[in-house]
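Novice: return atomic coordinates for the entry below.
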Amino acid sequence: MSSYDVDRGSSGIIKNYDGDLVLSQEIKVGQKVRVKHFSVSEYAVSEIIESSESSFKIKMTPKLIRGNVFKGDSITVILINSDSEECLVDGIVEQAQAEFPQFFLIRSIRIRHFKDCRKSRRYQIDACCNLRDDGVSSFGNIKNISTNGCRIMTKIKIDEKKNLKMELFIEEHKKVCLDVGVVREKKHMNYNEYGLVILGMDEDSKIVLRDQINKIILQEKAQLF
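Specialist: Sure thing, here's the model as predicted:
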């Protein structure tokens, strides 16, 4: 059983903000980052190729090119400083150079630090799941997952602090069976979003989940080349 606390507080993360952070102290050339743009449903992995006190350049990856990122767009870059700390840089795209060398020049407008957010990194995934509560089954969509928790979207209402059985269908003939608990709820117009803590799983499910996470890591690395 895990003592993992996926989200504490109403914001879903533990904030430790320092408004005096300097961009050049946070960003290093060669550093891998995750990039979020409104046109891309999942985070894109990129790399810092140049930085200054107020701006930086990242590699133009295929996912960002397909997402049609343009000059003037808002963008968020997540720097992974350690297993327990993330630094989020909100910025504006100042230049999008499609010719070699391909890059985005981003001007920083805000830097935020988040510490002790989660015990394990979440990985972006788009998979179906089956939730069972007292014999009643319902379907949902998993948007991200780690070895300790996940975020799901579903049309049903689940009581907070409720424990459920969940089946995650990763690939054909591959299923992960989990005991989960609801720790966070966010209502949207047409669906509900829940943060779930993984309370337990059998050994076969652990192997399947680890294999899937390793595949995601390899795919992220492949985007950089």
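Novice: identify the bridge partners of Cys87.
Specialist: Bridge pairing for Cys87 (DSSP bridges) gives the partners Leu79, His113.
Novice: how much space between it and Arg34?
Specialist: 11 Å (CB to CB, to the nearest Å). Placement of C-beta: from N, CA and C, glycine included.
Novice: please enumerate the shared neighbours of those two.
Specialist: Taking CB atoms under 8 Å, 6 or more residues apart in numbering as the criterion, Cys87 and Arg34 both touch Ile78.
Novice: the longest helix in this protein is where?
Specialist: Criterion DSSP state H: the longest helix present in the chain is helix 203-222.
Novice: list the contacts of the closest residue to Ile27 other than its chain neighbours.
Specialist: Leaving aside its sequence neighbours, Ile27 sits nearest to Ser51 (CB to CB, 6 or more residues apart in numbering; 4.4 Å). Shown in contact with Ser51 (CB under 8 Å, 6+ apart): Leu23, Ser24, Ile27, Lys28, Val29, Lys57.
Novice: can you lay out those residues as a markdown table showing neighbour count and distance to Glu167?
Specialist: A markdown table is the format used below for the contacts of Ser51 (neighbours: other CB atoms under 10 Å; distance: CB to CB, whole Å):
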| residue | neighbour count | distance to Glu167 |
| --- | --- | --- |
| Leu23 | 18 | 44 |
| Ser24 | 13 | 47 |
| Ile27 | 22 | 41 |
| Lys28 | 12 | 42 |
| Val29 | 11 | 44 |
| Lys57 | 21 | 44 |
